[in-house]
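Colleague: Please work out how this folds:
(chains A and B)
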Amino acid sequence: MTVDQAVLDWLNTDPDWDLPETATDGPLAADVTAPSAATLASAGGTERAELMFEYVRAEVARSVGLTPAALDTERTLVSVGVGSMLGCELQYRLRDAMGVAPELKEILMAKDTHALSGMMLDLLGYGA
Amino acid sequence: MTAKLAPPAGADVWLLRQPKPDDITGVLDMEELDETELQRARACRRQAGGYLYAAAHIALRRVLSAYVGEPARDLVFGRGPCPCCDKQHGRPVLVNPVSDLHFSLSHSSGVVLIGVAQVPIGVDVEKVPSAETARVCTQALHPDERAELAEVPECAGTSAFGRLWTRKEAYLKGLGTGLGRDLSLDYLGWESDKHPEGWSVVDVPAGPRHTAAAAIGYDGAPQGPVTLRWLPMESLFSGSRPNLTRRDSVLAELAA
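Modeller: Predicted structure coming up:
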């Protein structure tokens, strides 16, 4: 049986050419700080939404290896690089930090980072 | 239209490897895609992600076209009923032409995997994750899977996790729930006789940096092997006339 030359090239190639889906210039895990329950509870509606958005943005950015400022928060999470595994990791990080997190499928279907932040506020009982 | 492919007795799994950017020798035939697919390809943050998305969907169309005998761009996709709620967001299905063929698509970091069968099938390919991602996500798995991963030497931990994860995601895609079903409910670990009844799950070799799996929902015993086939990148280019019936496209026959 002959094998396509591309298969042989692939198996012999230097794997470092591989294009990463995520960059590696993101902040370290310790750089992401969640707002405390007390801080959220004492904040007004607008400030609370801003606090949650800043935190969720930082978590999403960390999961795809970006700085928060570099994350396009208007795109779906899938299109910024959050696949099934990273979505699962994100879910656990949100839950560990805040005590709640959306279902994995909801995270992957989130319209954008703002929507994910809104879901977190809803789960914490701060919905509109 | 070139020769048609016979529907597999077992399953066909097509593997496509995106070459290095400098080695890409043609232009993807974007005219095969519908408007929704084009929009999603454009929406990807990274150019490489958009390219892979477009390549994957051209590949799916051209592969299915070879089985059903209709031009790739004329295929229309829909969704089957969800097994959880009966809404139409279950497995992707062919709406035009109406076909009993089952299929599944997955892509990750330069690799595309397409499964085709006459029974429900799910496939998944993932780049081997970081140790940290594997550690965090292991919490989501079935208790027996977690115990098995705990026994794996650290140096092999991420690829072992990747094998388990792709088995699970392939199974959930075949089931039609996707990730809407809790990951801890089903066991897809090393003991195949404990896997969900009626499903055959195989690990698919997908190169040094990825893990992959296919799950086939046989009604009874497997009817044939899982045939791993190579899909050349050139078959996705404008002006190419892919002949997917070539015998040398077969890389391996995997036990089902």
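Colleague: Now do the residue positioned nearest the centre of chain B against residue B:160, distance only.
Modeller: By Cα atoms, centre = their mean, chain B has its centre lying nearest to residue B:123, at 3.3 Å. Relative to residue B:160, residue B:123 is positioned 19 Å away (criterion: Cβ to Cβ, to the nearest Å). In this view, the C-beta of every residue, glycine as well, is placed from N, C-alpha and C.
Colleague: And residue A:51, by the same measure?
Modeller: Taking Cβ to Cβ as the measure, residue A:51 falls 39 Å from residue B:160.
Colleague: Equivalent analysis for residue A:105, please.
Modeller: With distances defined as Cβ to Cβ, the gap from residue A:105 to residue B:160 amounts to 25 Å.
Colleague: between the two, who's got more neighbours?
Modeller: residue B:160 (20 against 16; other Cβ atoms under 10 Å in any protein chain shown).
Colleague: Looks like the more buried one contacts residue B:149 (just checking).
Modeller: Yes - between residue B:160 and residue B:149 a contact is recorded at 6.0 Å, counting by Cβ atoms under 8 Å.
Colleague: Isn't residue B:142 up against residue B:191?
Modeller: No - with contact defined as Cβ under 8 Å, residue B:142 and residue B:191 do not form a contacting pair (11.5 Å).
Colleague: hey, which helix is longest across the chain?
Modeller: Unless you meant another one, I'm taking chain A. The longest helix of chain A (DSSP state H) is helix A:45-63.
Colleague: you looked at the wrong chain, it should be chain B
Modeller: Per DSSP H, chain B has its longest helix at helix B:47-68.
Colleague: can I get the CA coordinates of that one in PDB?
Modeller: Extracted C-alpha coordinates of helix B:47-68, given in PDB (Å, rounded to 0.1, in the frame of the first residue of the first chain):
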ATOM      1  CA  GLN B  47      -6.600  33.700  10.700                       C
ATOM      2  CA  ALA B  48      -5.500  30.100  11.200                       C
ATOM      3  CA  GLY B  49      -8.700  29.300  13.000                       C
ATOM      4  CA  GLY B  50     -10.800  30.700  10.200                       C
ATOM      5  CA  TYR B  51      -8.800  28.900   7.600                       C
ATOM      6  CA  LEU B  52      -9.100  25.600   9.500                       C
ATOM      7  CA  TYR B  53     -12.900  26.100   9.900                       C
ATOM      8  CA  ALA B  54     -13.300  26.800   6.200                       C
ATOM      9  CA  ALA B  55     -11.100  23.800   5.300                       C
ATOM     10  CA  ALA B  56     -13.100  21.500   7.600                       C
ATOM     11  CA  HIS B  57     -16.400  22.500   6.100                       C
ATOM     12  CA  ILE B  58     -15.200  22.300   2.500                       C
ATOM     13  CA  ALA B  59     -13.800  18.800   3.400                       C
ATOM     14  CA  LEU B  60     -17.100  17.700   5.000                       C
ATOM     15  CA  ARG B  61     -19.000  18.800   1.900                       C
ATOM     16  CA  ARG B  62     -16.600  17.200  -0.500                       C
ATOM     17  CA  VAL B  63     -16.500  13.900   1.400                       C
ATOM     18  CA  LEU B  64     -20.300  13.700   1.800                       C
ATOM     19  CA  SER B  65     -20.700  14.600  -1.900                       C
ATOM     20  CA  ALA B  66     -18.600  11.600  -2.800                       C
ATOM     21  CA  TYR B  67     -21.100   9.300  -0.900                       C
ATOM     22  CA  VAL B  68     -24.400  10.900  -2.000                       C
END
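Colleague: That's all I had, so thanks and see you.
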